[in-house]
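Trainee: build me a model from this:
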Amino acid sequence: MTPRIVRRIAELREEVAGYRRQQPEAARVGLIPTMGYLHEGHASLIRRSAQENGLTVLSIFVNPLQFGPNEDYNRYPRDEGRDIALASASGANVVFIPTEEEMYPEPIRTTVSVSGLTDRLCGASRPGHFDGVATIVSKLFHIVLPDHAYFGLKDAQQVAVVARMTRDLNLPIDIVPCMTVREIDGLALSSRNIYLNHEERSQALVLSQSLSQVPGWIEDGMTEAELVVRIRGKIRSQPLADIEYAEVLTFPDLTQPSADRPLRDSKEPLLVALAVRFGKTRLIDNVLLFPSEVK
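Mentor: Got it, this is the predicted structure:
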């Protein structure tokens, strides 16, 4: 079924309201917020929403609020026709593709900020990024009023920020984290992978290769500092890799684990997160581990 393409907020609200009027007892709406240039990771979110909801809304909007002045907003890949085709094949019912003027008809003076969770990882090197994320997601939540919203765990910090915002603001929305989807060789799917040349892409495999060894290193009794040194050493074996961060934090609170205790003794889930540049392309990846998995 070809999804309905909607470009106006008022039209989208009416589309969702009309569905709920037709299905007053069993209406369930799923939302997948994206910036477009969709790949199999996005498709997996759409398919899951289609299985769990009667109406699946996919939004495509390259949000300027979450880009810094020296970041890649203008060169972020865009391909509307390709995105609509993938959304259709994956089961989306509605694709919302607003313009910047539709989402921000005047300079915005109200933003959403989630403190604490945004001080580390991508938030440390991209000041204001997660304020932009939280603001656009909050706007989409209020426009669509979904029952469920789906986010990939490749950006685990984003998942933690959105979930905390949803709880703090008492929004009646179930945040559904979904596993990272990878290429057959292990590279995490990303819209930015298109920027990588052949050699950069080949060397970028060190990210998933490093993360695949983390459970064993933790089982060996490494502390947080020892694990970070080991990961950094592995990544630096590739000459094109420029490490922005390699950190181990608890999840979803994103706090520092005990410095002097082996990570295998952690009582909380552990997030091992990476951000590394290959040429001009910044890639993120992570692994999320639970104590029962690393002992």
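Trainee: please enumerate the strands of this protein.
Mentor: In the chain, the strands defined using DSSP state E lie at 4-6, 29-34, 55-60, 94-96, 148-152, 174-178, 241-250, 270-278, 281-289.
Trainee: please list the residues outside the second one that contact it.
Mentor: Around strand 29-34, the neighbours that count as contacts under Cβ atoms under 8 Å, 6 or more residues apart in numbering are 16, 19-20, 42, 45-46, 49-50, 52-61, 92, 136-137, 140-141, 144-151. The way it works is simple: take the backbone N, C-alpha and C, and place the C-beta from them, glycine included.
Trainee: now swap in the third one and tell me
Mentor: Judged by Cβ under 8 Å, 6+ apart, the contacts made with strand 55-60 from elsewhere in the structure are 3, 12, 16, 19, 27-36, 38, 42, 46, 49-50, 80, 83, 87, 91-98, 140, 144, 146.
Trainee: nearest spatial neighbour of G116, skipping sequence neighbours?
Mentor: L254 (7.5 Å; Cβ to Cβ, 6 or more residues apart in numbering).
Trainee: check R8 too.
Mentor: Nearest non-adjacent residue to R8 (Cβ to Cβ, 6+ apart): E102, at 6.4 Å.
Trainee: how about the helices of the protein, start to end?
Mentor: 9-22, 40-52, 80-90, 100-103, 122-125, 129-144, 156-168, 198-219, 224-235, 291-294 (DSSP state H).
Trainee: worst average pLDDT in those helices?
Mentor: Note on the helices of the chain: helix 291-294 shows the lowest mean pLDDT, a mean of 56.
Trainee: and the chain, what are its domains?
Mentor: 4-178, 191-287 (automatic domain parsing).
Trainee: and P24, how far is that from S49?
Mentor: 20 Å (Cβ to Cβ, to the nearest Å).
Trainee: cool, and D79?
Mentor: Relative to S49, D79 is positioned 21 Å away (Cβ to Cβ).
Trainee: more neighbours, these two?
Mentor: Higher neighbour count among D79 and S49: S49, with 28 against 14, using other Cβ atoms under 10 Å.
Trainee: OK, contacts around the more buried one?
Mentor: S49 neighbours (Cβ under 8 Å, 6+ apart): G30, L31, I32, T56, G91, A92, H148, Y150.
Trainee: one more time with 6 Å
Mentor: By Cβ atoms under 6 Å, 6 or more residues apart in numbering, S49 lies in contact with G30, I32, T56, Y150.
Trainee: does the last one really touch A43, like I thought?
Mentor: Pointing back at Y150 there. No. Assessed by Cβ atoms under 6 Å, Y150 is found out of contact with A43, at 11.4 Å.
Trainee: the more surrounded of those two?
Mentor: Using other Cβ under 10 Å, the more surrounded residue of Y150 and A43 is Y150, with 26 against 19.
Trainee: nearest residue to N197 in space, please, no chain neighbours.
Mentor: Nearest non-adjacent residue to N197, counting by Cβ to Cβ, 6+ apart: G279, 6.9 Å away.
Trainee: again with F290
Mentor: In space, and not counting its chain neighbours, F290 is closest to P269: 5.0 Å by Cβ to Cβ, 6+ apart.
Trainee: and the one you found, how many residues sit next to it?
Mentor: Residues lying near P269 (other Cβ under 10 Å) number 17.
Trainee: do the same with the one 5 residues further on
Mentor: Counted with other Cβ under 10 Å, the neighbours of L274 add up to 25.
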